[in-house]
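J.: turn this into a model:
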Amino acid sequence: MSSPILKLIAQRVALGLLLLLAVSVLIFAGTQILPGDVAQSILGQSATPQALANLREELGLNAPAYVRYFRWLGGVLTGDLGTALSSRQDIATAIGGRLWNTLFLAFWAAIVSIPLAIILGLLAVRYRNGWIDKTISGLALASTSLPEFFVGYLLVYFFAVKWQIFPGISTVYDGMPFLERMKAIALPATALTLVVLAHMMRMTRAAILNVMQSAYIETAELKGLSPFEIIRKHAFPNAIAPVINVVMLNLAFLIVGVVVIEVIFVYPGMGQYLVDHVAKRDVPVVQAVGLIFAAVYIGLNIIADIAAIVANPRLRHPK
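T.: Predicted structure coming up:
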């Protein structure tokens, strides 16, 4: 791998780490300005002033904000996410199973949506301005226009309430048989797939159409290659960098943007865990989950940038 590529990759990684550090500051600051008193929310309205003062001292809430931030950041860097205030459970232990559930849901949504989006994008380009292209683009536009909570409730109404094919509440647990788990996540995975499919398809179509305006595509047409061969051999390989970026951004959304879907289907993932503890004003949990979501999003964006750099032929073969 050439020196310019390695330099660009190092720059992207360094920028990603700096961005994550900045986000950690914002997350910590955001949780500190939330209304209410953490000690009061734990002990209740009947707590005595002395009990509240003792608990604030125990939780370190009397220390300056910057001291608490560096204390929290130091714990994160050593793998200690803290203890949940509402349940006194270790946050890292509690998050482990829920993170796996979220990744499992996002994985199956990605397995369906990514190949389908690319295939539909290729078909739309192959039959551009025809009825196939217009149908695919119209359905994609309609799907993009619908908010994810509306899609989720539609799926619950038809497939869980009216037809009773799949459960409306996605209950999963350790040791659950694979087929039962797949049936349980069928509706939330479908909702996530519909949410990201349209965007990926439209961006794939746009990226390939942009490449189709190039001079070498005209040369391929003059050689007598079929439209499908031109798209498969010449257009799509040269449009792969923006397609990778779109895929990675949507993968990040599948993991980070599951909060609404998990709440609708009562799915025991990271999003549901976050919402539950926001309601309890459990600041350490909110900070930990927010930082994990930020790390996943920034990490996948870094991977997308690196993939785009490596896939760029002008950087791989400099003159």
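
J.: can you check the pLDDT for Met1?
T.: Model confidence at Met1, given as pLDDT, is 57.

J.: where in this protein is pLDDT low?
T.: Applying pLDDT under 70 to the chain picks out residues 1-2, 36, 312-319.

J.: for the chain, which segments count as strands?
T.: Secondary structure of the chain (DSSP state E): no strands located.

J.: separation between Ser41 and Ala29?
T.: Distance, Ser41 to Ala29, by CB to CB, to the nearest Å: 19 Å. The C-beta positions use only the backbone N, C-alpha and C, and glycine is treated the same way.

J.: what of Ser46?
T.: 31 Å.

J.: just Ala39 next, same as before
T.: In terms of CB to CB, Ala39 sits 20 Å off from Ala29.

J.: okay, the two: which has more neighbours?
T.: For the pair Ala39 and Ala29, the greater number of neighbours falls to Ala39 (19 against 11), based on other CB atoms under 10 Å.

J.: was I right about the more buried one contacting Asn62?
T.: No - using CB atoms under 8 Å, Ala39 is not in contact with Asn62, being 10.4 Å away.

J.: shared neighbours, these two?
T.: Common neighbours of Ala39 and Asn62 are listed as Arg56 (criterion: CB atoms under 8 Å, 6 or more residues apart in numbering).

J.: using PDB, write out every CA atom in stretch 254-263.
T.: This file holds the C-alpha atoms of stretch 254-263, laid out as PDB (Å, rounded to 0.1, in the frame of the first residue of the first chain):
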ATOM      1  CA  LEU A 254     -29.200   0.300  11.600                       C
ATOM      2  CA  ILE A 255     -27.200   0.000  14.900                       C
ATOM      3  CA  VAL A 256     -27.600   3.600  16.200                       C
ATOM      4  CA  GLY A 257     -31.000   4.400  14.900                       C
ATOM      5  CA  VAL A 258     -32.800   1.400  16.300                       C
ATOM      6  CA  VAL A 259     -34.200   3.300  19.300                       C
ATOM      7  CA  VAL A 260     -37.600   3.900  17.900                       C
ATOM      8  CA  ILE A 261     -38.000   0.400  16.400                       C
ATOM      9  CA  GLU A 262     -36.900  -1.300  19.600                       C
ATOM     10  CA  VAL A 263     -39.300   0.800  21.700                       C
END
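
J.: flag every buried residue along it.
T.: 254-263 (16 or more other CB atoms under 10 Å).

J.: which of these lies closest to Pro242?
T.: Closest to Pro242 out of the buried residues of stretch 254-263 is Leu254 (18.8 Å), distances taken as CB to CB.

J.: who's in contact with the closest one?
T.: Neighbouring residues of Leu254 by CB under 8 Å, 6+ apart: 106, 109-110, 113, 192, 196.

J.: quick check: longest helix of the chain.
T.: Of all the segments of type helix in the chain, defined by DSSP state H, the longest one is helix 91-126.

J.: returning to what we had before: dump the buried residues of stretch 254-263 into TSV; add distance to Ile306 as well.
T.: Listed next are these as TSV, based on distance: CB to CB, whole Å:
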residue	distance to Ile306
Leu254	19
Ile255	18
Val256	19
Gly257	22
Val258	25
Val259	27
Val260	30
Ile261	29
Glu262	29
Val263	33
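
J.: of the contacts of Leu254, closest to Ile292?
T.: Ala106 (13.2 Å).

J.: I figured the closest one hits Leu251, correct?
T.: Yes - between Ala106 and Leu251 there is a contact under CB under 8 Å: 7.3 Å.

J.: can you count the residues close to Ser46?
T.: Residues near Ser46, counting by other CB under 10 Å: 6.
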